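Enquirer: give me a model of this one.
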Amino acid sequence: MPADRWNGSRVKPGMTVGRGSGTGRQRPRSSSNEFSLPVVARRPPLAGGRRKVYRTGASAGRARPAARGTAAKSNNDRGRFAERRETCVRNSTPSDADVVAAGCSAPPPASAKAGIVLFSLAVGGFAIGTTEFAAMSLVPYFSAELGIDAPTAGHVISAYALGVVVGAPVIAVLGAKLSRRTLLIGLMAMFSIANLLSALSPSYGWMMAFRFLSGLPHGAYFGVCALVAATLVPPNRRARAVALAMLGLTIATTIGVPLATLLGQTVGWRWGFGAVGVLAAITACLCAGFAPRDRPAAGAGPLRELGALKRSQVLLTLAIGAVGFGGMFAVYTYLASTLLTVTAAPPAVVPLIFAVFGVGLTLGTLAAAAAADRAQSATIGTILVASVGILACYPFAVGSVSAMVAVVFAIGATGGLATVLQTRLMDVAADAQTLAAALNHSAFNVANALGPWLAGLAIAGGYGFASAGWVGSALAAAGIAIWLVSLWDDRRLRRRA
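Expert: Just a heads-up that it's a prediction; the model follows:
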């Protein structure tokens, strides 16, 4: 550290070292975009060959006499300093380009700012989760007004899912040169407009078109949302930060969907979609006010994002979500029908059990994120193994309301797999983060189609609604197989490296 060695004077805490400067003058920091190094300041040797070392910045602390053997100590000083990571002193979270240029990891901003950013992202997740799930409960209301039957109205749900699958990769690739803050604002603005137009739909055809448009920002928003959340905290807390940003989606299944359904029952289905549009507009404003001001990474572009599809670990992680997560959707899709026709539960109990599912999903997401920060791959395997057992218990629980409450709560808790897979993609996607993160939600929508389709075949084959549990258990077992292949492939890649 030739330019940062200060001789003959104690370095004061808070002092910023000017590169190329050999003096001990204090230089004021600029308001942002400046990096400060933890400095090792030396004084001349004391009597007996001892030397005092003073540290400032990130390693500031009480002065300690150095060990004897000043020659060895001096030789090791530079190596020790080289291992010490730079601390980024900024008013906002640095972008990937900043981090690469500085050679350091992005530090978390002030906890208060991180909290309001995560809250802003969660509001967007709440809006998306509400419209995604509430649209199913509003089918009886908008189908009657638009003059279509329930099966035809179900195509509106499929149009939204198709928009998610198409929009996630397309927007991620086309928006590669945009900053994440710009993407968040633009995606929420688009989502707001599309939902407000859905509320004004004059016919079935227009409703299909507007629901497709509403689905386009879904996957890309959650992908960018997860990447932004991960930059707000140290690496060992990334999964928990992503879980907090996604918490709006899980809470929507508990609070947002019942509220939107209530609006549809009391004042009309259009108000449900309109309320979501307003929430999305609020999210866009929050992101404009609080999201970190970043810039695209150097060299970012569509071709680099498409490079994610060349990485086997990215594809295997997406396959785990598309197949292993399908088990939960296989049961969730037919849960209401099972409760009413097999369990013989009172209609008033059905919403409560769905709320139990939402509580399990929320708590499971938080618990899985905390575990993933310690052992990511083991957490994925544990959730998949637990899913096999829990879903296999479902056929035996359908005869009792109390048993269904317990099993449905446990099934909801396995939904924490989504956040862990999202974090896993950050680790294996290298410089194609946005596309990989967005594709995670395309994979979940594949699971949302695959699980109900296979369960529907079993039900139509005469095995009853309870057979959805066996189908779900088999899909989770298939997810375990893909996870094992992923472990083998990861070891293979490490040996080659």
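
Enquirer: so Leu232, which of the three states?
Expert: At Leu232 the chain is in coil, as set by DSSP: H, G, I helix; E, B strand; the rest coil.

Enquirer: got the contact list for stretch 442-451?
Expert: 161, 164-165, 168-169, 219, 318-319, 321-331, 333, 418, 471-472, 475 (C-beta atoms under 8 Å, 6 or more residues apart in numbering). Every residue, glycine included, has its C-beta placed from N, CA and C.

Enquirer: least trustworthy helix or strand in the protein by mean pLDDT?
Expert: Every helix and strand of the chain was ranked by mean pLDDT, DSSP states H and E. The lowest is strand 87-89, at a mean of 33.

Enquirer: quick one: the helices in the stretch 51-200 of the chain?
Expert: With DSSP state H, counting those that start in this stretch, the ranges of helices along the stretch 51-200 of the chain come out as 70-83, 96-102, 111-137, 139-146, 150-174, 180-199.

Enquirer: turn these into JSON lines, including mean pLDDT, distance to Pro347 and mean neighbour count.
Expert: Output for the helices of the stretch 51-200 of the chain, formatted as JSON lines (pLDDT from 0 to 100; distance: least, C-beta to C-beta, whole Å; neighbours: other C-beta atoms under 10 Å):
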{"stretch": "helix 70-83", "mean pLDDT": "44", "distance to Pro347": "64", "mean neighbour count": "12"}
{"stretch": "helix 96-102", "mean pLDDT": "40", "distance to Pro347": "51", "mean neighbour count": "17"}
{"stretch": "helix 111-137", "mean pLDDT": "84", "distance to Pro347": "13", "mean neighbour count": "22"}
{"stretch": "helix 139-146", "mean pLDDT": "82", "distance to Pro347": "13", "mean neighbour count": "17"}
{"stretch": "helix 150-174", "mean pLDDT": "82", "distance to Pro347": "17", "mean neighbour count": "19"}
{"stretch": "helix 180-199", "mean pLDDT": "93", "distance to Pro347": "27", "mean neighbour count": "23"}
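
Enquirer: reformat those helices as a markdown table; add distance to Asp427.
Expert: A markdown table is the format used below for the helices of the stretch 51-200 of the chain (distance: least, C-beta to C-beta, whole Å):
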| stretch | distance to Asp427 |
| --- | --- |
| helix 70-83 | 22 |
| helix 96-102 | 14 |
| helix 111-137 | 20 |
| helix 139-146 | 39 |
| helix 150-174 | 18 |
| helix 180-199 | 18 |
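
Enquirer: nearest approach to Leu339 belongs to which of those?
Expert: Leu339 lies closest to helix 111-137 among the helices of the stretch 51-200 of the chain, at 14.4 Å (C-beta to C-beta).

Enquirer: any weak-confidence spans in the chain?
Expert: 1-112, 150-151, 297-301, 303, 307-308 (pLDDT under 70).

Enquirer: which helix runs longest in it?
Expert: helix 467-496 (DSSP state H).

Enquirer: centroid residue for the protein?
Expert: Ala226 (3.6 Å; C-alpha atoms, centre = their mean).

Enquirer: for the nearest residue to Val388 once chain neighbours are set aside, what are its contacts?
Expert: In space, Val388 comes closest to Ala476 once its chain neighbours are excluded; the distance is 4.6 Å by C-beta to C-beta, 6 or more residues apart in numbering. Each residue near Ala476 by C-beta under 8 Å, 6+ apart is listed here: Gly324, Gly327, Leu384, Ser387, Val388, Leu391.

Enquirer: select from these the one having the most neighbours.
Expert: Gly327 (35 neighbours; other C-beta atoms under 10 Å).

Enquirer: ok, which of the helices of the stretch 51-200 of the chain comes nearest Thr253?
Expert: Thr253 lies closest, by C-beta to C-beta, to one member of the helices of the stretch 51-200 of the chain: helix 111-137, at 5.9 Å.

Enquirer: tell me what angle that closest one forms with helix 180-199.
Expert: Using axes from the mean of the first three to the mean of the last three C-alpha atoms, to 10 degrees, the inter-axis angle of helix 111-137 relative to helix 180-199 is 30 degrees.

Enquirer: select only the buried ones of the contacts of stretch 442-451 in ChimeraX?
Expert: Those of the contacts of stretch 442-451 that count as buried under 16 or more other C-beta atoms under 10 Å are selected in ChimeraX with:
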select :161,164,165,168,169,219,318,319,321,322,323,324,325,326,327,328,329,330,331,333,418,471,472,475
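
Enquirer: quick one: contacts for the residue lying closest to Gly175 once chain neighbours are set aside?
Expert: Excluding its sequence neighbours, the residue lying closest to Gly175 (C-beta to C-beta, 6+ apart) is Leu183, at 5.2 Å. Contacts for Leu183 (C-beta under 8 Å, 6+ apart) come out as Ile171, Gly175, Ala220, Val224, Thr434.
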